[in-house]
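S.K.: what's the 3D shape of this:
(chains A and B)
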Amino acid sequence: MSLNDYLFWVVLPILCLAVVLVAYRFFKGPSIVDRVIALDLMITIGIGIITIYSIMTKQSTFLDDAMILALIAFLGTVAFSYYLEKKEEK
Amino acid sequence: MSDILIMILCTLGCITVLIAAVGIVRMPDFFTRLSVTIKAATLGIGLLLAAAAVFFADISISTKVLAITFFLFLTAPVAGHMIGRASYFTGTKLWKGSVRDDLEGKYDKETHSLGSESREDEESIS
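M.R.: Below is the predicted model of the structure:
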C-alpha cells in the first residue's frame, strides 16, 4: 500500500468523520459558546485536511493557506468572546 | 523508511483529532468540552504538520510548519481563556456532577474585574 493510498483511504476518512462529529455539535450546541468552540475546532481540523492534501498532491504551497486559516480561527474566537462579553455588560 | 514515519505520524495525529471530535460530542458541559478541544486538536494538528515536514524534507517547508505549530500553540490557550471567560460571564451552567466552582462570587458583575475575596463577603462587612 503506497503512501497516497494510505492517506486517501485511512487518514482522510478519519478526519472527515471528525468533521461530521464536530458539525453535529455545531448544529445542536445548546448555547452560543458551544457553537463558537465547535467552529474553532472545525477550522483546526480543516488545517489538518489541508496538510494531508498538500502531502498527497506534493504541493507545499497549500501550507500557506493553512497558516491563514489558523489566523482566521483565532481572530474569530477572540472577536466572538469579546462581543459576547460586551453584550453581557449592557 | 520515511514513508513509514509519515504513516505513523499521520495515524497518531488523525486519531488524536478524532478523539477531540468524539469528546466535543460526548462531554456533558461547556467547560469540559473546551478543555478537550484545545489540547487534543493542538497535539493532533502538530503531529499532522510534522508529517508534512518529514515528507517535504526541505528547510523552507520545515520553517513554515514550525511557524504554524508555534502559532497554534500560542493562540489556542489565549482563545480558550477568552471564550471561557465570556461563557462564565454569560452564565453558562456547570455540569451537575461538578464538585466545586472556585470562581463563584469572585467576579464583579459590573466592572468584570476579578477579586481574590468573595464579593458578597465584602458587602456584608461594609
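S.K.: what about the helix or strand of chain A with the lowest mean pLDDT and chain B, any contact?
M.R.: Within chain A, confidence by mean pLDDT, DSSP states H and E is lowest for helix A:62-89 among all helices and strands, at a mean of 87. Yes: Helix A:62-89 is in contact with chain B by C-beta under 8 Å from any C-beta of the partner chain, via A:63-64, A:66-67, A:70-71, A:73-74, A:77-78, A:80-82, A:84-85, A:87-89. For the C-beta atoms, the positions are set from N, CA and C on the backbone; glycine is no exception.
S.K.: tell me which residues in stretch A:17-27 are buried?
M.R.: Buried residues in stretch A:17-27, counted by 16 or more other C-beta atoms under 10 Å in any protein chain shown: A:18-19, A:21-22, A:25-26.
S.K.: same check on stretch B:17-34?
M.R.: Buried residues in stretch B:17-34, defined by neighbour count with 16+ other C-beta under 10 Å: B:17-24, B:27, B:29-34.
S.K.: for B:Gly105, what is the enclosing helix or strand?
M.R.: Under DSSP states H and E, no helix or strand contains B:Gly105.
S.K.: what separates the residue nearest to the spatial centre of chain B from chain A, distance-wise?
M.R.: Geometric centre of chain B, nearest residue: B:Ile38, 2.2 Å, by C-alpha atoms, centre = their mean. Shown here: B:Ile38 relative to chain A, a distance of 8 Å by C-beta to the nearest C-beta, to the nearest Å.
S.K.: now B:Leu94
M.R.: Distance from B:Leu94 to chain A, by C-beta to the nearest C-beta: 13 Å.
S.K.: residue contacts, that residue?
M.R.: B:29, B:31, B:101 (C-beta atoms under 8 Å, 6 or more residues apart in numbering or on different chains).
S.K.: what of B:Leu12?
M.R.: Contacts for B:Leu12 (C-beta under 8 Å, 6+ apart) come out as B:Leu47.
S.K.: pLDDT at it, what is it?
M.R.: For B:Leu12, the pLDDT comes out at 93.
S.K.: quick one: name whatever helix or strand follows the helix or strand where it lies.
M.R.: Assigned by DSSP H and E, B:Leu12 belongs to helix B:2-26. Remark: after helix B:2-26, the chain's next helix or strand is helix B:30-56, criterion DSSP H and E.
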